[in-house]
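*Asks:* Coordinates for the following, if possible.
(one chain, ligands or ions: 2)
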Amino acid sequence: MAHRWIFVEPQAPLERISFDPFPPQAGHVVIEVAGCGVCHTDLGYLYGGVRTNHEPPLALGHEVSGRVVAAGAGAEAWLEKSVLVPAVLPCGECDACRRGRGTICRRQQMPGNDIHGGFATHLEVPARGLCLVDEARLSDVGLTLADICVVADAVTTPYQAVQRAGLWPGCLAIVVGVGGVGSYAAQIARAFGASVVALDVDPEKLSAVERHGADLALDVTKYDARALKHAIAAFATERGLPQTEWFIFECSGTAAGQLTAFGLLVHGATLCVVGFTMDKIELRLSNLMAFDARAIGNWGCPPEMYPAALDLVLEGKVKVKPFIEPRPLDDVNAVLEAARRHALKRRAVLMPSL
Ligand SMILES: [Zn+2]
Ligand SMILES: [Zn+2]
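*Replies:* Ligands and ions are numbered 1, 2, ... in the order given. Next up, the predicted model:
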């Protein structure tokens with residue numbers, strides 16, 4: 001029997017509910033979940049006072065890979081295909097969608113926020129925007145369908161940020177917070193030709209990203225703001241990198257990380273806000289003006305960009321395996337509790353098959 005883990009109210013454990021996922025409505029498919037990543041955003045709903053768009057009860061989880069096991073009218077072509085479910089599914093028809101701005105579509109649907117998500121054995125989603133996965137290519141590089149669920153959000157969200165920021169070969173990129181999202185931001189920035197400085201407070205995360213993506217990894221607890229900027233400037237000098245136009249990706253989703261990121265502005269810098277926190281910080285916004293710098297937000301990633309982001313993984317330019325930890329779906333409450341305590345060193349991937 002299909003089941004899902006339901007978010008009932010903040011702070012309370014998720015509840016296991018059996019349900020019948022069949023048949024899907026027209027234009028929709030039912031996906032048998034292979035893997036669903038546990039994201040900082042899920043913790044925000046559960047513990048952080050962030051509200052889901054659809055009132056609970058609701059299954060959380062928006063980082064899904066799986067196989068299409070039933071298709072509604074018009075979506076039959078997806079039957080039996082392996083897919084990634086984009087974390088943000090735009091309607092595809094409104095003015096914003098037609099202009100290629102699906103991430104701001106007001107009729108978008110996000111699993112685990114607007115509709116039931118992937119902390120489940122099955123979920124139903126609109127077929128439009130699904131990303132086809134070639135399982136033969138996957139197994140060639142030693143990956144499973146479950147492994148790549150993180151592409152649905154943790155890889156594609158920074159991919160969209162890097163695209164939008166306009167990185168060029170030979171630039172300097174700084175990633176603040178190299179957890180579930182930042183570790184991929186570092187690898188993607190490097191794939192785009194940047195030299196990458198990774199910042200974090202966790203030595204284990206720093207050493208992982210030093211093996212995959214970062215040219216320099218700094219423990220920010222050992223520097224004040226001024227010394228940190230000097231250390232990065234010295235690295236830039238040593239490597240012949242620019243002292244201006246740094247690309248800064250705030251991926252920690254913490255007030256401290258945001259302050260660090262803002263403090264690293266240089267002339268012509270681009271600050272990308274990729275992580276989310278409800279906390280507020282005090283800053284001198286006029287620094288953007290004085291440095292002729294810019295700040296960009298980033299909600300998800302348009303489905304059209306998913307194949308290119310997935311290609312980075314299939315080509316081995318972005319490694320996912322060192323940054324994930326498969327866990328049985330039915331351990332979800334223990335996993336969430338551990339994530340809340342920062343006791344997980346890698347992103348948990350919930351798998352119904354374990
Ligand atoms: Zn997420
Ligand atoms: Zn739309």
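*Asks:* Contacts for stretch 283-298, please.
*Replies:* With C-beta atoms under 8 Å, 6 or more residues apart in numbering as the test, stretch 283-298 has contacts from 103, 157, 160-161, 164-165, 259, 262, 265-274. For every residue, glycine as well, the C-beta is placed using N, CA and C.
*Asks:* in it, what's buried?
*Replies:* Across stretch 283-298, burial judged by 16 or more other C-beta atoms under 10 Å covers 288, 293, 295, 298.
*Asks:* ok, now stretch 249-267?
*Replies:* 249-254, 257-266.
*Asks:* Also stretch 54-61?
*Replies:* 58-61.
*Asks:* where does the stretch 51-200 of the chain come near ligand 2, residue by residue?
*Replies:* Contact residues (C-beta under 5 Å from the ion) of the stretch 51-200 of the chain with ligand 2: 90-91, 94, 97, 105.
*Asks:* when you check those against the helices, which ones overlap?
*Replies:* C97 (DSSP state H).
*Asks:* any idea how far stretch 334-350 is from the chain center?
*Replies:* Centre-to-centre, stretch 334-350 and its host chain are 15 Å apart (C-alpha atoms, centre = their mean, to the nearest Å).
*Asks:* near ligand 1 at all, that stretch?
*Replies:* No: counting by C-beta under 5 Å from the ion, ligand 1 has no neighbours in stretch 334-350; the shortest distance is 9.9 Å.
*Asks:* which residues touch the residue nearest in space to the middle of the chain?
*Replies:* When C-alpha atoms, centre = their mean is applied to the chain, the residue found nearest the centroid is A154 (2.1 Å). Residues in contact with A154, defined by C-beta under 8 Å, 6+ apart, are 37, 39, 63, 180-181, 184, 347.
*Asks:* hmm, 10 Å instead?
*Replies:* Contacts for A154 (C-beta atoms under 10 Å, 6 or more residues apart in numbering) come out as 37, 39-40, 63, 87, 179-185, 251, 320, 323-324, 347.
*Asks:* what helix or strand does the nearest residue to A198 once chain neighbours are set aside sit in?
*Replies:* The shortest distance from A198 to any non-neighbouring residue, by C-beta to C-beta, 6 or more residues apart in numbering, is to A214 (3.7 Å). In the assignment (DSSP states H and E), A214 maps to no helix and no strand.
*Asks:* My guess is A214 contacts Y184. True?
*Replies:* No: using C-beta atoms under 10 Å, A214 is not in contact with Y184; the gap is 11.9 Å.
*Asks:* hey, what's in contact with both of the two?
*Replies:* Contacts common to A214 and Y184, judged by C-beta under 10 Å, 6+ apart, are 175, 178.
*Asks:* Between those two, point out the one with more neighbours.
*Replies:* Y184 (34 against 28; other C-beta atoms under 10 Å).
*Asks:* Tell me the pLDDT of the more buried one.
*Replies:* pLDDT, Y184: 96.
*Asks:* residues near the nearest residue to it once chain neighbours are set aside, how many?
*Replies:* The shortest distance from Y184 to any non-neighbouring residue, by C-beta to C-beta, 6+ apart, is to V155 (4.7 Å). Residues near V155, counting by other C-beta under 10 Å, number 31.
*Asks:* Quick one: residues contacting the residue lying closest to L314 once chain neighbours are set aside.
*Replies:* The shortest distance from L314 to any non-neighbouring residue, by C-beta to C-beta, 6+ apart, is to R137 (5.2 Å). The contact partners of R137, taken as C-beta under 10 Å, 6+ apart, are 143, 310-311, 313-315.
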